[in-house]
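>>> Model the following, please.
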Amino acid sequence: MIDPGFQGFGHTVTDADGRYRFRTIRPVPYPGRTPHIHFAVLPEGVPRFTTQLYVKGEPRNAHDFLFNHIPVERRGLVLAEFAPARAGDAGLSANFDIVLGGADGTPGG
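Modelled structure (predicted):
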């Protein structure tokens, strides 16, 4: 069933600890691409950061041109496992950490 209220995008704000949460559908493939969700993070005072979340274990990942441009050792950073949210519930849940920089402000530092 198609949700007539689905706009194809959403917006959320992090809490004081930098956590976020939103509800969406499990991504599906479209021509030439594996299932994924786009994220644009707009931190104050620094340029926009754009990334994608890919579904862990999705067979189509092996043939996606953008996913395959990510170095193998860094692909785990953009993968999330979609698992049942609660027993007996059709809903899925995934955790996806977006880390923009370390405590000293340097990437990953």
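>>> ok, the residue most central in space within the chain to R23 distance?
Centroid-nearest residue in the chain, with C-alpha atoms, centre = their mean: L53, separated by 2.8 Å. Spatial separation of L53 from R23 under the definition C-beta to C-beta, to the nearest Å is 14 Å. Using the backbone N, CA and C atoms, a C-beta is placed for each residue, glycine as well.
>>> How far off centre is stretch 40-51?
When distances are taken as C-alpha atoms, centre = their mean, to the nearest Å, stretch 40-51 is centred 14 Å away from the chain's centroid.
>>> so T34 touches Y54, yeah?
Yes - T34 sits in contact with Y54 when judged by C-beta atoms under 8 Å, with a separation of 6.4 Å.
>>> where are the low-confidence patches of the protein?
Applying pLDDT under 70 to the predicted model, the residue ranges of the chain that meet it are 1-3, 5-7, 102-109.
>>> Could I get the full set of strands for it?
Assigned by DSSP state E, the chain shows strands spanning 36-41, 49-55, 79-80, 83-84, 92-93.
>>> can you redo those strands as CSV with distance to G18?
Supplementary listing: the strands of the chain in CSV, determined by distance: least, C-beta to C-beta, whole Å:
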stretch, distance to G18
strand 36-41, 10
strand 49-55, 13
strand 79-80, 17
strand 83-84, 23
strand 92-93, 19
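>>> Tell me which of those sits nearest to Y30.
Taking C-beta to C-beta as the measure, the strands of the chain were each checked against Y30, and strand 36-41 came out nearest at 9.6 Å.
>>> Now T24: closest residue in space, sequence neighbours ignored.
Of all residues not flanking T24 in the chain, G10 sits nearest, at 6.4 Å (C-beta to C-beta, 6 or more residues apart in numbering).
>>> From I25, how far off is that neighbour?
Distance from G10 to I25, counting by C-beta to C-beta: 11 Å.
>>> can you check I37 too?
In this view, I37 and I25 are 9 Å apart by C-beta to C-beta.
>>> Between these two, point out the one with more neighbours.
Using other C-beta atoms under 10 Å, the more surrounded residue of I37 and I25 is I37, with 18 against 9.
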